[in-house]
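J.: sequence and predicted model, in that order:
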Amino acid sequence: MNKEEILKRMGEAIIEGNKDEAEVLANEAIKQRLDLNEVIDKGYVPGIEKVGDLWEKGEYFLPELITGAECMKGAMRVLQPELEKAQISVKSKGKVVIGTVEGDIHDIGKNLVASMLAANGFQVIDLGADVKLEKFVEKAEEENADFICLSALLTTTMLGQKKVIEILKEKNLAGRYKVLVGGAPVNQKWADDIGAEGYGENAMVAVKITKKLSGK
Ligand code: B12
């Protein structure tokens, strides 16, 4: 199977909800030593995006959505150790505390950003999804982190990103951490309005911005 075919089948596996196939293809990509960033970005991500489109059109329902998400996670579980291996010899570029904000259980995009950052030499502390807002600040303090990355997929939970920045201000920690925000409803204007240092529309851009802000 050549690369183009693998990428195409990865997307299809997510759309069809075929977890075994999604995982087999992830192993195949590793075996063929494909660029795993590209594999995620051009193989699996278009698949979950298509699932989202079909859901919005009313052609898919919640079970298909959940299955698509599970397939995506299955593939990422296979790729994760390889992504980590790739950065073993790289000196840490900085410490990142990441999570999806309180009230929001979407974690596929956040997991991608976390994996890509780890693969690119950052030390990543992933707090998971539906994370209490104070927890981001507490963990960043405890770990002496450089970045706080906040994911939000709902227009309601986006406000949590703003609140974390307010908590930092209340604790006289404004400017201590570089705050990055992202998620489908988030944009650069929102990041500017709430005083976040960075915004990334996808995981690759997130890595680029984090690298730029870390100065490494
Ligand atoms: C999959 C999915 C689910 C899955 C989530 C599974 C999981 N474990 O994540 C399930 C089925 C559980 C789900 C539940 C719900 N969902 Co939903 N879901 C989606 C869907 C289809 C795809 C999201 C996704 O994974 N995209 C793929 C990833 C790769 O993209 P991403 O998340 O945007 O992340 C990328 C970038 O945004 C960026 N990024 C993300 N985070 C960060 C952070 C930083 C710091 C940076 C720099 C960058 C960055 O990089 C990522 C990688 O490239 C979207 C539709 C959509 N188009 O977004 C709806 C969507 C987000 N869901 C929606 C809704 C309404 C819900 C529910 C409320 C439904 C319900 N009635 O129960 C619940 C939410 C419950 C809750 N409290 O959180 C709405 C939100 C509407 C709104 N504007 O608020 C959407 C937009 C669908 C719609 N059009 O109506 N959902």
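T.: That came through, no problem.
J.: would you mind listing what in the chain touches the ligand?
T.: Within reach of the ligand by Cβ under 6 Å from any ligand atom, the chain has these residues: 45, 48-49, 51-52, 55-56, 62, 65-66, 69, 103-110, 112-113, 149-151, 153-155, 180-185, 200, 202-203, 206. Backbone N, C-alpha and C define where each C-beta goes, glycine included.
J.: could you list the low-confidence segments of this protein?
T.: For the chain, the stretches with pLDDT under 70 are 87-92, 119-120, 216.
J.: flag every buried residue along the longest helix along it.
T.: Using DSSP state H to define each element, the chain has its longest helix at helix 62-86. Under the neighbour-count criterion of 16 or more other Cβ atoms under 10 Å, helix 62-86 has 64-65, 67-69, 71-72, 74-76, 78-80, 82-83 buried.
J.: which parts of the protein are helices?
T.: Using DSSP H, helices in the chain cover 3-16, 19-31, 36-38, 45-56, 62-86, 108-119, 133-143, 158-170, 188-194, 203-214.
J.: could you dump those to JSON lines with distance to L127?
T.: Below are the helices of the chain laid out as JSON lines (distance: least, Cβ to Cβ, whole Å):
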{"stretch": "helix 3-16", "distance to L127": "25"}
{"stretch": "helix 19-31", "distance to L127": "25"}
{"stretch": "helix 36-38", "distance to L127": "23"}
{"stretch": "helix 45-56", "distance to L127": "22"}
{"stretch": "helix 62-86", "distance to L127": "17"}
{"stretch": "helix 108-119", "distance to L127": "9"}
{"stretch": "helix 133-143", "distance to L127": "6"}
{"stretch": "helix 158-170", "distance to L127": "12"}
{"stretch": "helix 188-194", "distance to L127": "20"}
{"stretch": "helix 203-214", "distance to L127": "16"}
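J.: winner for burial among those helices?
T.: Mean neighbour count (mean count of other Cβ atoms under 10 Å) peaks for helix 108-119 among the helices of the chain, with a mean of 24.
J.: what packs against that one?
T.: Judged by 3 or more Cβ pairs under 8 Å, 6 or more residues apart in numbering; DSSP states H and E, the packing partners of helix 108-119 are helix 36-38, helix 62-86, strand 95-100, strand 123-126, strand 147-151, helix 203-214.
J.: paired strands for the fifth one, with orientation please.
T.: As defined by DSSP bridges, the strand partners of strand 147-151 come to strand 95-100 (parallel), strand 178-182 (parallel).
J.: neighbouring contacts of it?
T.: Contacting residues not belonging to strand 147-151 are listed as 94-101, 104, 106-107, 109-110, 113-114, 117, 122, 136-137, 140, 160-161, 164, 168, 177-183, 196, 206, 210, 213-214 [Cβ atoms under 8 Å, 6 or more residues apart in numbering].
J.: then stretch 42-60?
T.: Here stretch 42-60 makes contact (Cβ under 8 Å, 6+ apart) with 6-8, 10-15, 22, 25, 29, 61, 64-65, 68-69, 71-72, 75-76, 108, 112, 202.
J.: and it, how far out from the chain's middle?
T.: Offset of stretch 42-60 from its chain centre (Cα atoms, centre = their mean, to the nearest Å): 17 Å.
J.: ok, stretch 15-34 next?
T.: Computed by Cα atoms, centre = their mean, the chain-centroid distance of stretch 15-34 equals 19 Å.
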